[in-house]
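1. model this:
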Amino acid sequence: MAVARTGALLAVLWLLLPALLAGAAELEKNEPLVMRIIFEDCLGYVRAGRTPFGGLPTGPATAEAIRGLPLRMPDRERAVQLLSPRYVASWGEDENGRHCYVGSDFAAGQVGAPGLLGVPAKGFLGRVTARAAAEGMTEAGVADGFSPLATSYWSEPGTGAESGPARPVRFTLLATTAPDARGIAEAGLILMAGPPGRR
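-> Down below sits the predicted model:
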C-alpha cells in the first residue's frame, strides 16, 4: 500500500512539473486562507462530511483541469474552480474513505490567473505542524523547507491499517512555486484523505 501511495504521489508530481519549472506570477500572501482550507474545509469534510469551501468563490472547473486530476479520485468530474481559474478543488467518497484536494491548474496560471494561496515560506511548515497537532495529527514527515522539491505530510497516530475505517486521516502539502524575492511560496497542492468519523 505504501508503494501505491508513492506511485500516486509521483504521478501528481509529474503533472506539476511544468509549473514547477515555469515559476509563477506574483502571489497574494494569504496564510489564514490556506490554513482554513486545510483545517476547516478539508479536515471538516473528511472527518465530519461538512461540505467544504462554503463562502469561497467557486465555479465549474475546466475540462483540462479535471483531466489533470488523479484518475482514482472519486467524483473528480464534479471538481470546481476555487478562488480563481488558477485553482481546482475536488472532494468525494469511495470505499476507501473521503478525500479533499486543492491543486493549481497550471495552464490557467501561465495565462495570468491570480495566485491567491501564497504563504511566507520561512517557518510555514512549523506553523502547520502546530495546528495539525492541535487537531490530533501528531505524526509527521516534514521537509527542511517549503519548496516544490519536497513534500511534507501530517497524520493522526498510526493504527497499523493502510485502508478501511481504521486507517488514520492524513494530509500532504507541496509548494507549487519556489519562494519569490519576498519569501512567498504558493501552497498550491493540498491533499487530504481518510475514513469519516475519526477523532
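2. so where do the strands sit in this structure?
-> 27-29, 58-60, 80-82, 87-94, 97-104, 115-120, 139-141, 152-155, 170-174, 184-186, 189-194 (DSSP state E).
3. between these, which one is nearest to Thr51?
-> Nearest to Thr51 among the strands of the chain is strand 87-94 (8.2 Å), distances taken as C-beta to C-beta. Placement of C-beta: from N, CA and C, glycine included.
4. ok, and for the closest one, which residues are buried?
-> For strand 87-94, the neighbour count (16 or more other C-beta atoms under 10 Å) marks 87-92 as buried.
5. Could you list every helix and strand in contact with it?
-> strand 80-82, strand 97-104 (3 or more C-beta pairs under 8 Å, 6 or more residues apart in numbering; DSSP states H and E).
6. coming back round to it: what's the closest of the buried residues of strand 87-94 to Gly136?
-> Using C-beta to C-beta, the buried residues of strand 87-94 come closest to Gly136 at Trp91, 20.4 Å.
7. Helices along the protein, start to end?
-> For the chain, the helices defined by DSSP state H occupy 2-22, 31-36, 43-48, 63-67, 106-110, 124-134.
8. Tell me which residues are up against the second one.
-> When you say that, I think you mean helix 31-36. For helix 31-36, contacts defined as C-beta atoms under 8 Å, 6 or more residues apart in numbering pick out 116-117, 119-120, 124, 127-128, 131, 187, 190.
9. among those, which two are most distant?
-> Leu116 and Arg131 (19.6 Å).
10. Please identify which of those two sits among more neighbours.
-> Neighbours were counted for Leu116 and for Arg131 using other C-beta atoms under 10 Å; Leu116 has more, 20 against 15.
11. and Pro114, how many neighbours does it have?
-> 16.
12. ok, back up a step: which of the contacts of helix 31-36 tops the neighbour count?
-> Leu117 (29 neighbours).
13. what residues does stretch 81-88 touch?
-> 53, 56-62, 65-66, 68-69, 79-80, 89, 102-105, 108-109, 113-117, 188.
14. how about the nearest residue to Leu173, chain neighbours excluded?
-> Spatially, and ignoring its direct neighbours in sequence, Leu173 is nearest to Ser152 (5.3 Å; C-beta to C-beta, 6 or more residues apart in numbering).
15. Tell me, how many residues neighbour that neighbour?
-> Count around Ser152 with other C-beta under 10 Å applied: 20.
16. now Asp105: how far from Val80?
-> 11 Å (C-beta to C-beta, to the nearest Å).
17. Are there residues contacting both of the two? Which ones?
-> With C-beta under 8 Å, 6+ apart, Asp105 and Val80 have common neighbours 61, 88.
18. The two - which one has more neighbours?
-> Asp105 (25 against 19).
19. Who are the contact partners of the more buried one?
-> If you count contacts by C-beta under 8 Å, 6+ apart, then Asp105 has 61-62, 64-65, 68, 81, 85-88, 113 around it.
20. If any of these are buried, put those into a ChimeraX selection.
-> A single ChimeraX command selects the buried members of the contacts of Asp105 (16+ other C-beta under 10 Å):
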select :61,62,65,68,81,85,86,87,88,113
